[in-house]
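Peer 1: Test case, fold it:
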Amino acid sequence: MSSSQNQRAKLLLLMKILHEKSDEQNPITMNTIIARLAGYDVHAERKSIYNDLEVLRN
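Peer 2: Coordinates of the predicted model:
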């Protein structure tokens with residue numbers, strides 16, 4: 001899958017990472033989220049992830 005396709009799937013990947021790697025007792029750090037997204041060949045910056053988290057909350 002190309003990088004642009006992975007970028008389009010960023011919200012889904014973020015949701016997957018949060019679901020699999022964190023819960024209320026075990027939060028995940030922003031640096032870990034960025035590193036995990038990079039593992040899927042998705043470049044993400046802190047601010048864009050905060051925006052994505054807000055989209056997921058709504």
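Peer 1: what comes up buried for the helix or strand containing Ser48?
Peer 2: Per DSSP states H and E: Ser48 is located in helix 46-57. Under the neighbour-count criterion of 16 or more other CB atoms under 10 Å, helix 46-57 has 49, 52-53 buried. C-beta here means a position set from N, CA and C on the backbone, and glycine is covered the same way.
Peer 1: list the helices and strands it packs on?
Peer 2: Taking 3 or more CB pairs under 8 Å, 6 or more residues apart in numbering; DSSP states H and E as contact, the helices and strands that helix 46-57 lies on are helix 10-21, helix 30-39.
Peer 1: ok, and what's touching the longest one?
Peer 2: Read it as helix 10-21. 6, 28, 32-33, 36-37, 40, 42, 44, 49, 52-53, 55-56 (CB atoms under 8 Å, 6 or more residues apart in numbering).
Peer 1: Where does pLDDT dip in this structure?
Peer 2: 1-4 (pLDDT under 70).
Peer 1: how far away is the residue sitting nearest the centre point of the chain from Met30?
Peer 2: With distances taken as CA atoms, centre = their mean, the chain has Leu14 as the residue nearest its mean C-alpha position (2.8 Å). The gap separating Leu14 from Met30 is 11 Å, by CB to CB, to the nearest Å.
Peer 1: That's all I had, so thanks and see you.
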